[in-house]
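**Q** this one's structure only:
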């Protein structure tokens with residue numbers, strides 16, 4: 001026999017979830033780019049945030065609005081380091097989805113809203129990890145590390161993450177091993193605003209290609225210079241192919257990941273001192289970090 005009190009509680013929860021989907025649904029879009037299909041949401045009037053990784057590298061882009069109408073869109077800018085892309089469509093007159101910075105505790109319920117063929121999709125999940133700010137594998141600064149335990153459709157990547165309080169708190173993306181990560185509201189606001197005004201996020205540039213190698217009998221590792229842009233800061237500083245970078249401003253550099261973290265947006269224009277090994281000798285050079293040229 002069903003407990004009436006339990007049945008009522010479940011019905012209340014079901015009705016509340018359906019109401020949230022109904023409220024946010026008009027601001028969720030399906031994103032079409034070549035053979036790729038994903039989701040996005042209206043961030044500001046005429047502007048749509050979606051997942052960069054799910055967006056094709058080139059070709060035409062269209063978005064399907066709530067109700068099924070498909071309209072053209074164009075790329076404003078993209079930042080692979082934070083997995084955020086910004087689109088513009090002059091036909092998106094739906095209300096934006098207001099974002100709210102929020103701390104999501106482990107165990108909290110979340111709802112991920114995506115879209116397919118003009119209709120919303122929903123996935124109920126739970127916060128499996130919640131930690132502080134971190135850097136992505138590509139060096140992007142993300143304001144909080146939030147992982148969800150949720151079964152998410154591939155086409156829902158780029159969709160809106162809602163807290164149990166019914167507030168939009170970020171965007172759902174796939175991380176390593178298809179873990180579902182949340183790009184939090186603070187990161188989206190910061191990066192999307194920069195993309196709107198500049199079209200891209202500046203990254204530091206040395207004009208050098210590296211490969212990790214062992215040095216000093218294999219007890220330590222460094223970064224061997226494999227290529228040198230003759231117009232880049234490294235060439236100007238006198239760095240040669242075959243040099244091994246072992247320290248950056250006195251701190252050991254042993255992995256490409258360390259370099260990516262050091263070449264964030266704030267690094268452009270900074271002076272750094274590099275310690276190199278060349279033909280068994282150690283030397284130091286100084287250079288000014290440039291801005292990475294457009295791809």
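**A** Thanks, I have the structure now. Not measured: the values here are computed from a predicted model.

**Q** helices of the stretch 101-250 of the chain, start to end?
**A** Residue ranges of the helices in the stretch 101-250 of the chain, as given by DSSP state H, counting those that start in this stretch, are 185-198, 233-236.

**Q** quick check: which of those helices is nearest to residue 139?
**A** If you check each of these against residue 139 by Cβ to Cβ, helix 185-198 wins as the nearest, at 13.0 Å. Yep, even glycine has a C-beta here, placed from its N, CA and C like the rest.

**Q** tell me the gap between the closest one and the middle of its chain.
**A** With Cα atoms, centre = their mean, to the nearest Å as the basis, helix 185-198 stands 11 Å off its chain's centre.

**Q** give the other helices and strands that it contacts.
**A** For helix 185-198, the packing partners by 3 or more Cβ pairs under 8 Å, 6 or more residues apart in numbering; DSSP states H and E come out as strand 36-44, strand 47-51, strand 70-79, strand 84-88, strand 168-174.

**Q** tell me which strands and helices the helix or strand of the chain with the lowest mean pLDDT is in contact with?
**A** Least confident helix or strand, the chain: helix 256-262 with a mean of 78, by mean pLDDT, DSSP states H and E. The contact analysis (3+ Cβ pairs under 8 Å, 6+ apart) places helix 256-262 against strand 208-215, strand 244-248.

**Q** just checking, what packs against whichever helix or strand comes after the last one?
**A** Scanning forward in sequence from strand 244-248 by DSSP states H and E, the next helix or strand is strand 251-252. The elements that strand 251-252 packs onto, with contact taken as 3+ Cβ pairs under 8 Å, 6+ apart, do not include any helix or strand.

**Q** related to what we said a few turns ago, quick one: closest of the helices of the stretch 101-250 of the chain to residue 224.
**A** Nearest of those (Cβ to Cβ): helix 233-236, 12.8 Å.

**Q** coming back round to it: which of the helices and strands packed on helix 256-262 is buried the deepest?
**A** For the helices and strands packed on helix 256-262, the largest average neighbour count (mean count of other Cβ atoms under 10 Å) is found in strand 244-248, namely a mean of 20.

**Q** what residues does that strand touch?
**A** If you take Cβ atoms under 8 Å, 6 or more residues apart in numbering as the criterion, strand 244-248 is touched by 210, 213, 215, 220, 222-225, 252-253, 258-259, 262, 272-278, 282.

**Q** try 10 Å this time
**A** Here strand 244-248 makes contact (Cβ atoms under 10 Å, 6 or more residues apart in numbering) with 206, 208, 210-216, 220-225, 234, 239, 252-254, 258-259, 262-263, 272-278, 282, 284-285.

**Q** return the distance of that strand from the chain's centre.
**A** Distance of strand 244-248 from its chain centroid, counting by Cα atoms, centre = their mean, is 28 Å.

**Q** check the helices and strands packed on helix 256-262 for me: which has the lowest mean pLDDT.
**A** Across these, strand 208-215 has the smallest mean pLDDT, namely a mean of 88.

**Q** let me know how buried residue 102 is, in neighbour terms.
**A** By other Cβ atoms under 10 Å, 19 other residues sit near residue 102.

**Q** one more: residue 249?
**A** Residue neighbour count, defined by other Cβ under 10 Å, stands at 12 for residue 249.

**Q** now swap in residue 131 and tell me
**A** 10.

**Q** please look at it and residue 181 and confirm they touch.
**A** No - using Cβ atoms under 10 Å, residue 131 is not in contact with residue 181, being 11.4 Å away.

**Q** common neighbours of those two, please.
**A** Shared contacts of residue 131 and residue 181 (Cβ under 10 Å, 6+ apart): 145, 146, 147.

**Q** so which of these wins on neighbours?
**A** Counting neighbours by other Cβ under 10 Å, residue 146 leads those with 26 neighbours.

**Q** now that one. Nearest residue, chain neighbours left out?
**A** Sequence neighbours aside, residue 182 is the residue nearest to residue 146 in space, at 3.9 Å (criterion: Cβ to Cβ, 6 or more residues apart in numbering).
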